[in-house]
Each structure stands twice: as structure tokens, then as C-alpha cells.
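S.K.: got a predicted model here, sequence first, then my questions.
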Amino acid sequence: MIRCFRAYKRKVFRPSSAALANLKEMGFAEADILDALRINGNNQDTACDWLLSDKKPNFEDVEEGLDPDGPIYKSIMSNPVVQLGLSNPKTFLALLHMLENPTSACRWLSDPDTAPILSQIFRIYHAEKHSLQLARPFPQ
């Protein structure tokens with residue numbers, strides 16, 4: 001279902017013509033501009049920041065998500081709070097909306113119906129990511 005949503009999102013994405021023109025005038029390549037606008041929800045300022053950053057990920061990498069066989073995904077999906085929350089249609093809508101527009105996370109974190117599950121997902125994600133980094137051997 002998420003693959004269908006992502007394909008639909010790519011197909012119907014319409015970049016802001018003003019943002020596209022302004023970023024082109026700054027000298028960025030059109031393909032990079034389109035990726036930046038897609039990732040940043042047509043926000044020209046954040047798209048420009050993304051284009052200027054050295055650490056910009058490939059658009060496909062951003063869309064890929066977590067590995068379903070990985071420990072972070074398994075920890076999130078095995079959590080009872082998350083399991084209960086995923087049955088709420090509003091939570092599902094919030095997750096889809098954040099896929100489409102990642103900058104909308106603040107809005108959903110302020111919503112009393114979706115904030116508890118989203119906060120729990122973020123806590124689990126960061127805790128697991130931190131423990132994975134600690135488990136890495138140090139280079140010598």
C-alpha cells in the first residue's frame with residue numbers, strides 16, 4: 001500500500017513554479033530542484049537548505065524507509081502502544097501525511113490523538129539507533 005502511495009505521490013507531485021524558477025536562477029540543476037521540493041513539501045527555503053547541504057541523501061534513499069528485517073523496525077512494530085495506535089485511522093492518516101510532507105510532523109505531534117503513538121515511535125527509533133551505534137566496534 002505504501003508503494004502505491006509513493007508511486008501516486010511521485011506521479012501527482014506538482015512543484016511550486018515560483019520555487020522552481022527561483023532555485024533555477026540560483027544555478028541548481030532542475031532534477032535536483034525537483035527532488036528537493038518533493039522531499040521538503042514544496043518549501044523553497046528548506047529545499048534550498050537541502051540543496052546546499054553536503055549531506056543530502058539521494059531521493060530514493062529518503063523514500064526507502066526502514067528495513068522490515070532490521071532491529072529498529074522490529075522494535076517499533078513489537079511495541080504494544082504502537083500496535084494499538086496503528087488501528088486508529090487518524091494515526092494512519094498522520095503517518096501518510098508525514099510521508100508526503102515530512103515537515104508536518106510538528107502538527108501531528110501537537111494533536112492529542114496522534115501525539116502519543118508518534119512520540120513512542122520516535123523514542124523507540126532513537127533509542128534503537130543509539131544502541132546500534134554503541135554496539136559498533138571502534139575503528140583502530
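M.R.: Good, I have the coordinates.
S.K.: can you pull out the helices in the chain?
M.R.: Secondary structure of the chain (DSSP state H): helices at 2-12, 17-25, 30-39, 44-52, 59-64, 71-78, 80-85, 89-100, 105-109, 115-135.
S.K.: helices and strands around the third one, which ones?
M.R.: Secondary-structure packing of helix 30-39 (3 or more Cβ pairs under 8 Å, 6 or more residues apart in numbering; DSSP states H and E): helix 17-25, helix 44-52, helix 59-64. Where C-beta positions appear, they are placed from N, C-alpha and C, glycine not excepted.
S.K.: show me where pLDDT drops low in this structure?
M.R.: Low-confidence segments of the chain (pLDDT under 70): 1-10, 54-65, 137-140.
S.K.: mind running it again at 50?
M.R.: For the chain, no stretch has pLDDT under 50.
S.K.: before we move on, the earlier item: can you redo the helices of the chain as TSV with mean neighbour count?
M.R.: Shown next, in TSV, are those (neighbours: other Cβ atoms under 10 Å):
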stretch	mean neighbour count
helix 2-12	10
helix 17-25	14
helix 30-39	18
helix 44-52	17
helix 59-64	12
helix 71-78	15
helix 80-85	14
helix 89-100	15
helix 105-109	14
helix 115-135	14
